[in-house]
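Participant: Sequence plus predicted model, see below.
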Amino acid sequence: MEYTVAAHGRRISRIVFIGLLLDILSFTIILPLLPRSLEAYKEREGADASTLLGTLLAHIAHLRAYVQAHSPSRFLQQGARADLVLLGGLLGSLYSLLQCVIAPVIGRAADRFGRRRTLMYCMAGNIVWTVIWVFAGSFESFLLARVIAGLSEGNVQLSNTIIADVTDPATRSHGMALVGIAFAVGFTLGPSIGAFFARMSIESTNSRNVFAFAPFAAAAVFSLALLLAESLYLFVKLPETMHFRRSLADSETADSGTEDTETAEPLAEPTHAVDTLFTTENNRTLRRLNILHFAYLFFFSGMEYTLTFLTHDKFNFSNAQQGALLGFIGVTSTVLQGGWVRRIKGKSAHGDKGLVARGMASCAIGLACVAHCAKGVQGAGPAWTLWGGALGFAVASATVVNCLNSMVSLATADLETGRRLGDFRAAGQIGRALGPVFACSVYWLLGPSTCYAVGAAAVAAISVAFVTLVPARPAVSSAKKHS
């Protein structure tokens, strides 16, 4: 029985990994293109006050003039070019705010209707938003696409839930590491793929046509192809996992006959009083993890989001150079995930906690490096500290979030894994929603060096709080002990 459960669990984990990898490749294609996409929309319709983009840029310009009159900033002296940073931050925060709203809904839907069905609905939404992106000839259409994207992206959350279904406490950390590896590989290849397809110009210059091709539409078409392939693959290969262990046990019992049925150890019955399975300590730990997840992603996501705007604004990076920088982060994260992280995770009670602490510390050091780099001369080449900062981001990407997911799942009863992971993701998405607006506002008002210095100090403080307040490993619930 144990061998059968483990074998089936490994097979499903591989299916989830492949599907998630395709999803993240599709998601990351747009990342290096966003600054120049906004520039393209600005050239098309930014001067037209009757358009949404023209109205937004006019309000930002008035705010910039007011700030310059009362507190002059060297960064804001760039004029309209600086306004794209704040606009980009607003877009990033909108996406994450929608994710924050939808994450608990997806988690509860997964517990009620099943993981597979909920995932397929998310895939349908992903396909719809990407089709709209392909034909987003206006900024309004592009904004609509991003809204639908924010309400549809539940793949990461559901992947974590499925892996929690098919692994036991001893193998949970290794299973969760697959999610991190998918992220790392996706962030390695996705931005480079986006930069490659950005060279193929099929977009329209007619901003009045709502369904004209978008800037860098060829990249959007390839992203759509990846999503279609992912949807077909998951539809054919992925089974329902909500009652994974019970289903396998029933199958084993039917095959072994009545005699084995009588002697088999009965499975724990589901109960509506699931909270009784948790100790007070675990509930307190889960609350602290949610708060720290929010705080960490508030600063990390904000600083990460502004990175491509920094290199575009400060060093005039091309799409290919943006892809190379993000690719370096992805490659390094992949190597760390496949080697160092997978060897340490789950090996001891301190494995996950130690990796989270090291990742947060590396993030703080990386942000300090970028702050130093941002002091350089406008238009000059980037200093080595930019790549030092990218290395810090890579270590953080390889460790922090997926190890936190592992810690949460270990403190959660099987019957409500979806809800607990959904609430945990929602807390992080609140941070992702507010972080880009905060970071871009500080960047816009005080300049990039101050922005990243604030981020470095904040993440360092959060890492100290994490080490102090969170136990190495929460007590495993009684439901998990019997699984």
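Facilitator: Received it, and whenever you're ready, just let me know what you need. Numbers count the residues shown, from 1 in each chain.
Participant: Just give the number of residues close to residue 399.
Facilitator: When neighbours are counted by other C-beta atoms under 10 Å, residue 399 registers 29. Bear in mind the C-beta positions are built from the backbone N, C-alpha and C, glycine included.
Participant: Would you map the helices across the stretch 101-250 of the chain?
Facilitator: 115-134, 139-152, 155-166, 172-197, 217-237, 244-256 (DSSP state H, counting those that start in this stretch).
Participant: Of all those helices, which one comes closest to residue 309?
Facilitator: helix 172-197 (14.4 Å; C-beta to C-beta).
Participant: what mean pLDDT does the closest one have?
Facilitator: The pLDDT scores in helix 172-197 average 82.
Participant: a markdown table please, covering the helices of the stretch 101-250 of the chain and showing distance to residue 434 and mean neighbour count.
Facilitator: Below are the helices of the stretch 101-250 of the chain laid out as a markdown table (distance: least, C-beta to C-beta, whole Å; neighbours: other C-beta atoms under 10 Å):
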| stretch | distance to residue 434 | mean neighbour count |
| --- | --- | --- |
| helix 115-134 | 22 | 20 |
| helix 139-152 | 14 | 20 |
| helix 155-166 | 19 | 26 |
| helix 172-197 | 22 | 24 |
| helix 217-237 | 27 | 19 |
| helix 244-256 | 36 | 15 |
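Participant: Let me have the ones you listed in CSV, extended by distance to residue 13.
Facilitator: Output for those, formatted as CSV (distance: least, C-beta to C-beta, whole Å):
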stretch, distance to residue 13
helix 115-134, 13
helix 139-152, 23
helix 155-166, 6
helix 172-197, 5
helix 217-237, 12
helix 244-256, 11
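Participant: what's the closest of those helices to residue 336?
Facilitator: When these are compared (using C-beta to C-beta), the closest one is helix 172-197, at 7.5 Å.
Participant: quick one on the thing from earlier: right, and the helices of the stretch 101-250 of the chain - which one's nearest residue 363?
Facilitator: Of the helices of the stretch 101-250 of the chain, nearest to residue 363 by C-beta to C-beta is helix 172-197, at 14.7 Å.
Participant: Next, the angle from that closest one to helix 155-166.
Facilitator: Helix 172-197 and helix 155-166 are oriented at 150 degrees to each other (axes from the mean of the first three to the mean of the last three C-alpha atoms, to 10 degrees).
Participant: re the thing from before, can you say which of the helices of the stretch 101-250 of the chain is nearest to residue 403?
Facilitator: Per C-beta to C-beta, nearest to residue 403 of the helices of the stretch 101-250 of the chain: helix 172-197, 7.5 Å.
Participant: What is the closest one packed up against?
Facilitator: Applying 3 or more C-beta pairs under 8 Å, 6 or more residues apart in numbering; DSSP states H and E, one finds that helix 172-197 contacts helix 2-28, helix 155-166, helix 217-237, helix 319-336, helix 342-344, helix 384-410.
Participant: from the chain's centre, how far out does it sit?
Facilitator: The chain centre lies 11 Å from the centre of helix 172-197; the measure is C-alpha atoms, centre = their mean, to the nearest Å.
Participant: next one: stretch 317-337
Facilitator: A distance of 16 Å separates the centroid of the chain from that of stretch 317-337, by C-alpha atoms, centre = their mean.
Participant: do stretch 289-300 as well
Facilitator: 13 Å.
Participant: same question for it, mean pLDDT?
Facilitator: What stretch 289-300 shows for mean pLDDT is 93.
Participant: just stretch 470-482 next, same as before
Facilitator: 57.
Participant: One more: stretch 88-107?
Facilitator: Stretch 88-107 carries an average pLDDT of 84.
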